[in-house]
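Visitor: Give me the fold of what follows.
(one chain, ligands or ions: 1)
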Amino acid sequence: MTLHAPYDSDNIFAKILRGEMPCVKVFEDDNILSFMDVFPQSEGHTLVIPKAPSRNLLETNAKDIGRLFGSVQRIAKAVETALKPDGIIITQFNGAPAGQTVFHTHVHIIPRYESKALGAHGGTGEMADMGMLQELATKISAEL
Ligand code: AMP
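Guide: Residues are numbered from 1 along each chain as shown. The predicted model follows:
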């Protein structure tokens, strides 16, 4: 049921796309927006979203999925160059039972550092300092 509910244009990412809520932007083109996760699971946790509305990957058209994952790879490479993590997790959740908390399709790019534990998923961790997020976004976007 949750997988195929109607798209709710009041979700947080739709508001960010309309400029009604702020975000710390990493990258934007006609089809894609990328910004820092405000409850990062690790330093440099970045989100990539298609601009076209869809709740999850199952409802996203194939062309947008191609563009989305092309951008995910490009931004993940920039994260690697900018932040030098030891690994990078790419995750994407479909439906609340799968762990999805914001119902606009998005992909997580989560750098992993051997010496640091991974934070909790889904906005249950600590809200990041905006100045710190801006510094990270500037470093990542400089590598794009
Ligand atoms: P998911 O749980 O996979 O739906 O991921 C949603 C992500 O959005 C979580 O990692 C949240 O920390 C993040 N998030 C929630 N609100 C915002 C916001 N206003 N700006 C940036 N990231 C957000």
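Visitor: What's opposite the residue sitting nearest the centre point of the chain in the beta bridge?
Guide: A centroid search over the chain (CA atoms, centre = their mean) returns Leu47, at 1.1 Å, as the residue closest to the centre. For Leu47, the beta-bridge partners are Phe35, His108 (DSSP bridges).
Visitor: wait, it sits on Phe39?
Guide: No. Between Leu47 and Phe39 no contact is recorded; they are 10.7 Å apart, counting by CB atoms under 8 Å. In this view, the C-beta of every residue, glycine as well, is placed from N, C-alpha and C.
Visitor: Show the contacting residues for the residue nearest to the centre of the chain.
Guide: The neighbourhood of Leu47, defined by CB atoms under 8 Å, 6 or more residues apart in numbering, consists of 34-37, 106-109.
Visitor: for this structure, which spans come out with low pLDDT?
Guide: Along the chain, segments meeting pLDDT under 70 span 1, 123.
Visitor: Tell me the helix or strand right after the longest helix along the chain.
Guide: If you go by DSSP state H, the chain has its longest helix at helix 62-83. Downstream of helix 62-83, the next assigned helix or strand under DSSP states H and E is strand 87-91.
Visitor: quick one: the helices in the chain?
Guide: Under the criterion DSSP H, the chain contains helices at 12-17, 62-83, 130-142.
Visitor: what's the distance between His4 and Asp64?
Guide: 17 Å (CB to CB, to the nearest Å).
Visitor: The closest residue to Lys77 other than its chain neighbours and the ligand, how far apart?
Guide: Nearest-residue entry for Lys77: Glu143, 7.6 Å, with adjacent residues in sequence omitted and distances by CB to CB, 6 or more residues apart in numbering. Distance from Glu143 to the ligand, counting by CB to the nearest ligand atom, to the nearest Å: 21 Å.
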